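J.: Following is a predicted model, sequence given first.
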Amino acid sequence: MGFETQDVERKALSILKILSESREPLGARVIGHHLKDRGVELGERAVRYHLKLMDERGLTRLVGRDGRLLTDQGLDEVRSALVKDKVGFAISRIEMLAFRTDFDIERRCGLIPANISFFSRGKFKKALGAMKPAFEAGFCVSDLVGLASEGEKLGEFVIPRGMVGLATVCSIVLNGVMLKAGVPMDSRFGGILQMRNHKPFRFVELIHYAGSSLDPSEVFIRGRMTSVREAAQKGEGKILANFREMPSVCRGIAEKVVAGLKEAGLGGLLVMGSISEPVCEIPVELNRIGMILIGGMNPVAAAEEAGIVAEHHAMSTVIEYQDLINFKEL
């Protein structure tokens with residue numbers, strides 16, 4: 001990147017990452033707030049200094065009085081720089097979104113984590129048809145979705161021109177609400193779960209969050225490794241799922257949380273195992289309970305299986321619960 005010290009390089013990369021996640025120009029003050037959310041303390045004046053350096057190196061460009069956008073060179077830098085720092089990036093995103101989740105089960109309001117997908121406006125109706133079996137079969141965290149047209153926002157994402165944005169509820173909602181209830185969750189991996197006779201059978205592929213820079217669901221969708229529509233219609237197929245563990249002493253609290261989320265139309269819990277017992281052939285640590293959560297991106301995976309390509313951003317933002325609508329309304 002050409003910066004003098006590793007510390008400066010790290011801070012610059014954090015700024016570049018924030019810009020890469022925005023569809024609109026961001027100013028130094030807004031970038032500073034985002035940095036603080038990520039545990040990087042950098043004042044507005046210091047952010048301006050870093051932005052000036054990045055402008056000179058062609059990584060960013062000035063838009064308007066203070067806004068910045070990434071250049072193509074800057075985007076390449078984000079994708080390739082500090083690879084060692086990206087290891088475990090997936091687990092850090094899970095932890096960050098769980099912390100930002102403040103959904104109140106009793107009042108049924110607050111922020112919940114979401115996946116964002118951009119569909120071509122002309123193909124969105126066909127995509128809805130392809131996703132319908134997945135929602136009907138319950139291969140989703142919730143029937144509630146967010147919808148936005150070009151220029152509008154879903155969480156921190158601005159919908160690009162000619163596109164329709166769809167937000168699906170992410171399974172991290174369980175992590176977030178459990179965290180607020182005092183239940184520590186260990187997010188182990190995302191995988192492909194084989195369904196047999198409409199029941200979960202075994203994991204056939206998995207990617208550990210702690211060793212990945214990418215969200216496993218995005219990897220599996222891009223690799224066309226799912227058969228969600230088959231699983232929904234015939235009971236035989238491969239769906240996206242996630243594996244969690246929690247201390248066995250927390251079971252009672254966890255069951256109450258799951259029941260409360262279900263009443264609010266949220267959840268995604270597929271299986272809760274017994275103490276120290278394997279779940280779908282996955283071993284569980286001593287005095288812990290294994291849990292399988294349905295992947296929130298199964299509906300959009302079904303659309304991809306139907307040949308409808310979209311741009312996906314898994315576990316990428318939080319969205320207000322009360323802004324969501326039932327998929328059936330679409």
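T.: Right, received. Where do you want to start? Numbers count the residues shown, from 1 in each chain.
J.: Now do the strands in the stretch 101-250 of the chain.
T.: 111-120, 144-149, 153-154, 157-158, 163-169, 186-196, 199-208, 237-247 (DSSP state E, counting those that start in this stretch).
J.: Same list, the ones you listed, but as JSON lines with mean pLDDT, mean neighbour count and distance to Phe327 please.
T.: C-betas here are computed from N, CA, C, even on glycine. Listed next are the strands of the stretch 101-250 of the chain as JSON lines, based on pLDDT from 0 to 100; neighbours: other C-beta atoms under 10 Å; distance: least, C-beta to C-beta, whole Å:
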{"stretch": "strand 111-120", "mean pLDDT": "96", "mean neighbour count": "25", "distance to Phe327": "13"}
{"stretch": "strand 144-149", "mean pLDDT": "97", "mean neighbour count": "20", "distance to Phe327": "5"}
{"stretch": "strand 153-154", "mean pLDDT": "92", "mean neighbour count": "19", "distance to Phe327": "15"}
{"stretch": "strand 157-158", "mean pLDDT": "88", "mean neighbour count": "18", "distance to Phe327": "19"}
{"stretch": "strand 163-169", "mean pLDDT": "97", "mean neighbour count": "25", "distance to Phe327": "9"}
{"stretch": "strand 186-196", "mean pLDDT": "96", "mean neighbour count": "22", "distance to Phe327": "21"}
{"stretch": "strand 199-208", "mean pLDDT": "95", "mean neighbour count": "15", "distance to Phe327": "22"}
{"stretch": "strand 237-247", "mean pLDDT": "97", "mean neighbour count": "24", "distance to Phe327": "17"}
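J.: Quick one, which of the ones you listed gets closest to Gly267.
T.: Smallest distance to Gly267 across the strands of the stretch 101-250 of the chain (C-beta to C-beta): 9.1 Å, for strand 163-169.
J.: thinking Ile172 is in contact with Thr101, fair?
T.: Yes - in this structure, Ile172 is within contact of Thr101 by C-beta atoms under 8 Å, at 7.1 Å.
J.: shared neighbours, the two?
T.: Common neighbours of Ile172 and Thr101 (criterion: C-beta atoms under 8 Å, 6 or more residues apart in numbering): Pro113.
J.: neighbour-wise, which of these two wins?
T.: Higher neighbour count among Ile172 and Thr101: Ile172, with 32 against 23, using other C-beta atoms under 10 Å.
J.: In CSV, list the strands of the stretch 101-250 of the chain along with distance to Leu286.
T.: Compiled in CSV, the strands of the stretch 101-250 of the chain are given as follows (distance: least, C-beta to C-beta, whole Å):
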stretch, distance to Leu286
strand 111-120, 30
strand 144-149, 37
strand 153-154, 42
strand 157-158, 42
strand 163-169, 32
strand 186-196, 13
strand 199-208, 20
strand 237-247, 11
